[in-house]
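> Quick one: sequence plus predicted model below, questions after.
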Amino acid sequence: MIIGVILLVIAIAELFLGLRFIFGYEKRQATIWYGLFCIAVATYVGANGLGFITDSWFIGERIGWVGGMLTAILFLPFSFSFPIPMRQVRELFPWVIWPIVIFVPGLLFTDLFVRDNAVIRYSQGYETAEGPYFWFMLVIFSLYWFWSIINLFTRFRRSDGLHRWQIRMIITGIVLSLIVSVIFDIVTPLVTINRVGYIGSLFTSVWLGFTSYILVRK
């Protein structure tokens with residue numbers, strides 16, 4: 001219960017952070033895409049928090065996966081737009097829309113990607129039951145993150161000064177957060193009953209806040 005409340009508070013803070021980037025800062029592609037990315041992270045963390053509070057597998061697992069997929073999808077256009085846009089929004093739009101159309105309803109309303117094991121109460125631990133296309137989803141998830149990191153690394157090699165430092169810190173934070181989240185939110189639930197899935201969600205409050213500071217630093 002306490003863990004759930006903490007995660008929910010973090011999610012609300014991340015939601016407001018995302019709205020701040022979208023509406024409060026200088027209107028640029030990078031800040032808008034990063035704001036949407038923050039909202040996706042808030043969805044992932046909030047689902048985990050509500051899963052603990054309500055003991056709902058549907059909220060914690062299905063909506064949590066939706067949030068996780070959205071983070072990968074929305075970070076890609078950010079990687080194309082920071083610090084200077086490489087592509088316009090209209091060029092990036094198809095890369096955002098098609099996986100959302102496939103994975104969001106597929107995760108929420110079907111057993112194609114994850115199945116309801118309906119055995120373990122979420123707050124006491126859970127296992128991820130694989131659907132027939134679960135590994136296809138993971139491949140897409142991984143490709144989007146890999147593509148984003150390659151984009152940022154290419155930008156890093158071509159940048160200097162403050163932008164070079166910013167990109168280095170963003171890459172470091174994203175890679176570390178991915179390692180933590182993959183271990184505790186993907187690998188562990190696949191091999192055993194997971195009772196520490198909240199660690200990945202808690203970690204987002206550190207690296208998201210740090211990365212946000214980096215992005216607004218002049």
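Yep, it's here.
> Tell me the spacing between residue 108 and residue 100.
Using C-beta to C-beta, to the nearest Å, we find residue 108 at a distance of 12 Å from residue 100. Every C-beta, even on glycine, is put in place using the N, C-alpha and C of the backbone.
> ugh, wrong one, I meant residue 34
If you measure residue 34 against residue 100 using C-beta to C-beta, the figure is 17 Å.
> Contact partners for the residue most central in space within the chain?
Residue closest to the mean C-alpha point of the chain, counted by C-alpha atoms, centre = their mean, is residue 71 at 3.0 Å. Under the criterion of C-beta atoms under 8 Å, 6 or more residues apart in numbering, the contact list for residue 71 reads 37, 40, 41, 44.
> one more time with 6 Å
40, 41 (C-beta atoms under 6 Å, 6 or more residues apart in numbering).
> returning to what we had before: between residue 34 and residue 100, which is the more surrounded one?
The residue with the greater number of neighbours, taking residue 34 and residue 100 and applying other C-beta atoms under 10 Å, is residue 34; the counts read 28 against 14.
> Quick check: that one touching residue 77?
No: judged on C-beta atoms under 6 Å, residue 34 makes no contact with residue 77 at a distance of 9.5 Å.
> Where does the prediction get shaky in the protein?
Residue ranges of the chain with pLDDT under 70: 25, 117-121, 123, 194, 196-198, 202, 205-206, 209-210, 213-218.
> repeat that for 80
In the predicted model, the chain carries pLDDT under 80 at residues 1, 24-27, 55, 57, 83, 86-90, 116-127, 160-162, 185-218.
> Tell me which stretches of it form helices.
Counting by DSSP state H, one finds helices in the chain at the ranges 2-23, 29-54, 57, 64-81, 89-109, 134-158, 161-181, 188-191, 198-216.
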